[in-house]
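*Asks:* this is a predicted model, with the sequence first.
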Amino acid sequence: MPSHRSDLALYLGVVIAAAALIVAAVEASSAAVTVPIAFALGVLVALVLHRVVRATHAGGSGEEGPKDPRDNTGMSAGPAASASSATSPLATASPAPGDPTPGEIGDVGEPVSSKPSGPSGETPSDDVGSSTSDLESGVSLETVVVLQRLEESLQDIQPLTSAVALWLLDPASATYRLVEARGTMRPPCVPLDAGEGVVGTADDEDRPSLGRETLVLDGGESRQVWRFAWGLEVGEARGVLSVDVLTPERPDAVALEAAVRSYRAPLSGSLAVHIARDETRIVRSLLEVARALSRSSSEGRLLDTALDHAMEMSGAATGSVMLADDGDRLRIATARGLPDSVVEGTAVSKGEGIAGWVFAMGKPLLVEDIPSRNANKGRRDVRSAVSVPLKDEDGVLGVLNVGSQAYPARLTRSHVDALEVIGRQTAVALRNARAVAESRDLYFDTLRILAETMEWKNPYAAGGTRRTLDYARRLSRDMGMSSGEARAVEIAVLFHDLGMSAVEDGREPGRPLSTVERGIVAMHPVVAAQLLAEAPSLRAVAPIVYHHHERYDGEGYVDGLSGDEIPLGARVLAVADAFVAMTSPRPYRDEMTMQEAAGSLRENAGTQFDPQVVDVFLESVETSGACTEAVPPSA
């Protein structure tokens, strides 16, 4: 039966993978990385379900499942194990032929005797495994639940048990990371070096280990405990279960092994679930990053999006994105948690420091316990840091940095790999954004050249387009318009007088307009707007051009709109265009001074012009130094 259930879980996982692949394919147009990531997520779910079902039934179904290589510890549990095997299917009754003897349990420096060695020297109780009977009726793979049940069962044979804990090996840092712990004196959340101590010995030697350990508690107090450890294996991942006993006398290793054996299968399943949840969270974060980057049109917003997701994923307190300038020096483009002086003054050469090394080598770098490695006090209390390159097929564009104030940071190899994926996604999106920006700039420059070429028909208008463009661009920004709205205003500046060409052609400068020509002038916004509306990419510009001769009091043309009925872009254009027109010469008058033009705007604010737009415009002009004299106050 267990094999059928595990196969069913595997098939279910494959179905999930196929469904994820189909969903991902639908969204692939907005996130190119979705397909492989979604498929990988499905396969991961399949493997986890398969392993969890196998692990659970191997320990608790009453049938003997596939034998874990780490179960060949060879410990004959004596009376305790014999009794527990009769009462609990999760316990192993006897060692396989050729297994090590009880004296071969891996102690740190000395073998463990198979004789009872409890506080009073009695033989361990025969009901060691009985407390695991509740696992048979409904196995929970929540780590905290399994550890709690193990802790309760150990109280019967070792009342002085102070903690039970589950550790996971992180290959990237060659350390064991604490997954979960239960007890009155839990081990501190500090990485344990692989291959060292009782935990490292148990994992390296593939057998239980018992030895003395010194715990440094949160308050700085040191306590000596006996630690029993036994390795676990989940696919390619490796973990260790540890039991700490607070007693001056050596605990009974045989009884501890017999009690712990029943829980190895559930804890292996718990470890698999923990890894799967972590990986799933990372995959979901990567999908969110891919979608967010695909929606980011500007370079600045793109970098902010990438940095925010990277910091959220890694639990970082500080972060920055550094881009290479023309001289191959890294400068901070955006940052979180760093002072402005650092952001503005940082310039890193290739190969210099952590970021410079990553930039030069094109490889990620994880550095932990930074204060002990570097006495530099300017790191904002950062204890752990990861730097990954912004790298695609065409090279390295910069570096993404995140820093944590915790040691150890909750960064494992999976996190570093995920941050590296974010770096690649950001590099591709950054090149695309730059290509789009260059195309947009080329397109706009072409329109500007055409508009300036049209000015040569009227020598009095020469240079007016560029000046109006500068004023309108600044005013749009100060009015809080979005980048898209501001770009529409800029294009409207170039073509708002497009319909005037019908009047200008063949007319001598300075000659009064005829009645027909006056009618054409009044209709020039309509002509220009109709021409712009025929181009799909310029349709947002058409309303600005169409309404730029409306008056705030409703006495303008074409439609006689008033107040906020007039599009904001048209109100901005009206002020910028009027100011440039007043400060430019005409055949029938000299140009006004900047101060005279500013006074005219003040005088007509609320009637011809939007008073708020006028205030913002004049404040901007004064700040820039364009007006050297005081602007007359409004009446």
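*Replies:* Yep, that arrived. Numbering: from 1, shown residues only.
*Asks:* need the helix or strand of this structure with the lowest average pLDDT.
*Replies:* One helix or strand of the chain scores below all others by mean pLDDT, DSSP states H and E: helix 78-87, with a mean of 33.
*Asks:* which stretches in this structure count as strands?
*Replies:* 106-107, 161-170, 175-183, 192-193, 209-216, 222-234, 237-245, 318-324, 329-336, 347-349, 365-368, 384-392, 395-404 (DSSP state E).
*Asks:* least reliable of those strands going by mean pLDDT?
*Replies:* For these, the weakest mean pLDDT is recorded on strand 106-107, namely a mean of 42.
*Asks:* quick one: low-confidence ranges for the stretch 1-150 of the chain?
*Replies:* Scanning the stretch 1-150 of the chain for pLDDT under 70 picks out the ranges 1-140.
*Asks:* so what's Ser341 up against?
*Replies:* If a contact means C-beta atoms under 8 Å, 6 or more residues apart in numbering, then Ser341 has no contacts. Using the backbone N, CA and C atoms, a C-beta is placed for each residue, glycine as well.
*Asks:* where's Ser294 relative to Leu302, distance?
*Replies:* 10 Å (C-beta to C-beta, to the nearest Å).
*Asks:* so what sits against both of the two?
*Replies:* Shared contacts of Ser294 and Leu302, counting by C-beta under 8 Å, 6+ apart, come down to Ala429.
*Asks:* neighbour count winner among the two?
*Replies:* Applying other C-beta atoms under 10 Å to Ser294 and Leu302 shows that Leu302 carries more neighbours, namely 23 against 20.
*Asks:* residue contacts, that one?
*Replies:* Counting by C-beta under 8 Å, 6+ apart, Leu302 makes contact with 293, 296, 426, 429-430, 433.
*Asks:* what's the answer for Val199, then?
*Replies:* Val199 neighbours (C-beta under 8 Å, 6+ apart): 167, 176, 192, 209, 227, 229, 240, 242.
*Asks:* count of residues packed around Glu151?
*Replies:* 18.
*Asks:* just Ala202 next, same as before
*Replies:* If you count neighbours by other C-beta under 10 Å, Ala202 ends up with 29.
*Asks:* pLDDT wise, what is the residue lying closest to Gly200 once chain neighbours are set aside at?
*Replies:* The shortest distance from Gly200 to any non-neighbouring residue, by C-beta to C-beta, 6 or more residues apart in numbering, is to Ala194 (5.7 Å). What the model reports for Ala194 is a pLDDT of 88.
*Asks:* what's around Ala194, how many residues?
*Replies:* 18.
*Asks:* cool, Ala533 as well?
*Replies:* So Ala533, with other C-beta under 10 Å, has 16 neighbours.
*Asks:* closest to Val421 out of the contacts of Val199?
*Replies:* Among the contacts of Val199, Tyr176 lies closest to Val421 (C-beta to C-beta), at 25.4 Å.
*Asks:* among the strands of the chain, which is nearest Ala522?
*Replies:* With distances scored as C-beta to C-beta, the stretch of the strands of the chain nearest to Ala522 is strand 329-336 (48.8 Å).
*Asks:* next, the angle from that closest one to strand 318-324.
*Replies:* Our comparison of strand 329-336 with strand 318-324, counting by axes from the mean of the first three to the mean of the last three C-alpha atoms, to 10 degrees, yields an angle of 150 degrees.
*Asks:* what lines up beside strand 329-336 in the sheet?
*Replies:* When sheet partners are counted by DSSP bridges, strand 329-336 sits next to strand 318-324 (antiparallel), strand 347-349 (antiparallel).
*Asks:* other residues contacting it?
*Replies:* Contacts for strand 329-336 (C-beta under 8 Å, 6+ apart): 300, 303-304, 307-308, 311, 318-325, 338, 342-344, 346-350, 355-356, 359, 398-399.
*Asks:* list buried members of those by neighbour count.
*Replies:* 303-304, 307, 311, 318-324, 338, 346, 348, 350, 355-356, 359, 398-399 (16 or more other C-beta atoms under 10 Å).
*Asks:* buried ones in stretch 417-424?
*Replies:* Within stretch 417-424, the residues scored as buried using 16+ other C-beta under 10 Å are 418-424.
*Asks:* confidence-wise, which of these comes last?
*Replies:* For the buried residues of stretch 417-424, the least confident entry is Ala418, with 87.
*Asks:* residue boundaries of the helices in the stretch 351-500 of the chain?
*Replies:* Taking DSSP state H, counting those that start in this stretch as the criterion, the stretch 351-500 of the chain carries its helices at 353-361, 370-373, 413-455, 464-478, 483-495.
*Asks:* tell me which of those helices is the most buried.
*Replies:* helix 483-495 (a mean of 21; mean count of other C-beta atoms under 10 Å).
*Asks:* for that helix, name the packing helices and strands.
*Replies:* Here helix 483-495 touches helix 413-455, helix 464-478, helix 515-533, helix 542-546, helix 568-582, going by 3 or more C-beta pairs under 8 Å, 6 or more residues apart in numbering; DSSP states H and E.
*Asks:* make TSV out of those helices and add distance to Ala259.
*Replies:* What follows is the helices and strands packed on helix 483-495, written out as TSV (distance: least, C-beta to C-beta, whole Å):
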stretch	distance to Ala259
helix 413-455	32
helix 464-478	71
helix 515-533	81
helix 542-546	79
helix 568-582	75
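*Asks:* which of those has the lowest average pLDDT?
*Replies:* Of all the helices and strands packed on helix 483-495, the minimum mean pLDDT falls on helix 515-533 (a mean of 79).
*Asks:* dump the strands paired with strand 329-336 to JSON lines, plus distance to Glu249.
*Replies:* Below are the strands paired with strand 329-336 laid out as JSON lines (distance: least, C-beta to C-beta, whole Å):
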{"stretch": "strand 318-324", "distance to Glu249": "49"}
{"stretch": "strand 347-349", "distance to Glu249": "57"}
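*Asks:* I'd like to know which of those strands lies nearest to Ala540.
*Replies:* Of these, the one closest to Ala540 (C-beta to C-beta) turns out to be strand 318-324, at 30.6 Å.
*Asks:* how about Glu555, what does it touch?
*Replies:* Listed by C-beta under 8 Å, 6+ apart, the contact partners of Glu555 are Thr607.
*Asks:* excluding sequence neighbours, find me the nearest residue to Ala181.
*Replies:* According to C-beta to C-beta, 6+ apart, the nearest residue to Ala181 is Ala165 (3.9 Å).
*Asks:* let me see the contact set for that neighbour.
*Replies:* Contacts here follow C-beta under 8 Å, 6+ apart; on that basis Ala165 touches 147, 178-183, 186-187, 241-242, 244.
*Asks:* again, 10 Å this time
*Replies:* The contact partners of Ala165, by C-beta atoms under 10 Å, 6 or more residues apart in numbering, come to 143, 147, 176, 178-183, 186-187, 199, 227, 229, 240-244.
*Asks:* try His549
*Replies:* With the criterion set at C-beta under 10 Å, 6+ apart, His549 makes contact with 496, 521-522, 524-525, 556-558, 566, 570, 573-574, 577, 608.
*Asks:* ramachandran angles for it?
*Replies:* Dihedral angles of His549 (phi, psi; degrees, to the nearest 10) stand at phi -110, psi 10.
*Asks:* also the one 10 residues further on?
*Replies:* The main-chain torsion angles of Asp559 are listed as degrees, to the nearest 10 and equal phi -100, psi 0.
*Asks:* can you check Ala172 too?
*Replies:* Per-residue torsions, Ala172: phi -60, psi -40 (degrees, to the nearest 10).
*Asks:* that one and Gly235: what is the separation?
*Replies:* 17 Å.
*Asks:* of the two, give the one with the bigger neighbour count.
*Replies:* More neighbours surround Ala172 than the other of Ala172 and Gly235, with 15 against 12 (other C-beta under 10 Å).
*Asks:* from Gly197, how far out is that one?
*Replies:* Noted for Ala172: a distance of 19 Å to Gly197, by C-beta to C-beta.
*Asks:* just Ser482 next, same as before
*Replies:* Remark: distance between Ser482 and Gly197 (C-beta to C-beta) = 58 Å.
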